[in-house]
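> just need the structure, nothing else, for what follows:
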Amino acid sequence: MNFTKEQLNLYLVTDRHWLANRNLEDDVEKAILGGVTMVQLREKNIDNDSFIELAKKVKQVCNKYKVPFIINDNLEVALAVDSDGIHIGQDDLPASLVRQKIGPDKILGVSAHNLDEAIAAKKAGATYLGAGAMFSTTTKDNTTNLSIEQLQAITKNVDIPVVAIGGINYDNCLSLKNCNLAGIAVVSAIMAATNISEAASNLKKRAQVIYD
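The predicted model follows:
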């Protein structure tokens, strides 16, 4: 898949906490139909076999709509399902090693919480950065918020696309204007919505002004 920064415009990170009795792949499809441009499958509490089985289902939906499909953290799963890429954090395998394992053509996203981490990720072969957390979030514990000024420093000094992440929703996304972002990554702003397609569509339209 040929990667473009526009594919980062509305980046969905999944969370099965919000599913109730629905299937994740169905909710992902609704989100894509609403305007989601990239999907990251994030699973922390299932074994690899279950992760792979779920990943194959979600990948099939993403492939149907030609939306990049990214695995969070788990290199073994990413390789097993031949995902379009992988996203890793600062506490996961080194980005340089992951780039070596996945090859030069796969998408490699790296989380960055400051400018030093962002520069290091670029040097290690990152395709894009996930910068945050921008706002308070219940998705991750022990996160430190990134200021607008710190975010602007990252996008000014690192010449790969940057996605803001962490507590972003319809109400606060416009505060990220003038940060030279390629997109925003959201979880509950879409996954927790009663109407997922509508939530994705509304968020994409509202956030369009922040993509520089």
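
> between the two ends of stretch 40-48, what distance do you get?
16 Å (CA to CA, to the nearest Å).

> hmm, I typed the wrong one, I wanted stretch 168-188.
9 Å.

> wouldn't residue 175 be in contact with residue 148 here?
Yes - judged on CB atoms under 8 Å, residue 175 makes contact with residue 148 at a distance of 7.2 Å. Every residue, glycine included, has its C-beta placed from N, CA and C.

> from the chain's centroid, how far away is the top strand by length along the chain?
In the chain, taking DSSP state E as the definition, the longest strand is strand 107-112. Its chain's C-alpha centre and that of strand 107-112 lie 9 Å apart, by CA atoms, centre = their mean, to the nearest Å.

> and stretch 145-163, which residues are buried?
Of all the residues in stretch 145-163, those buried under the rule 16 or more other CB atoms under 10 Å are 146, 150-155, 158, 160-163.

> ok, which stretches of the chain are strands?
Using DSSP E, the strands found in the chain span residues 10-13, 38-41, 69-72, 85-88, 107-112, 128-131, 162-165, 183-186.

> can you tell which of those strands is closest to residue 50?
Residue 50 sits nearest to strand 38-41 of all the strands of the chain, at 11.9 Å, using CB to CB.

> average pLDDT for the longest helix seen in the chain?
Ranked by residue count and defined by DSSP state H, the top helix of the chain is helix 48-64. Per-residue pLDDT over helix 48-64 has a mean of 98.

> now residue 121: how far from residue 33?
32 Å (CB to CB, to the nearest Å).

> who has more neighbours out of the two?
Neighbours were counted for residue 121 and for residue 33 using other CB atoms under 10 Å; residue 121 has more, 26 against 13.

> tell me the contacts of residue 54?
Counting by CB atoms under 8 Å, 6 or more residues apart in numbering, residue 54 touches 24, 41, 43, 46.

> out of these, which are buried?
Those of these that meet the buried threshold are 24, 41, 43, by 16+ other CB under 10 Å.

> closest to residue 55 out of these?
residue 41 (5.6 Å).

> that closest one bridge partners, please.
Taking DSSP bridges as the rule, residue 41 bridges to residue 71.

> what pLDDT is listed against it?
If you check residue 41, the pLDDT there is 98.
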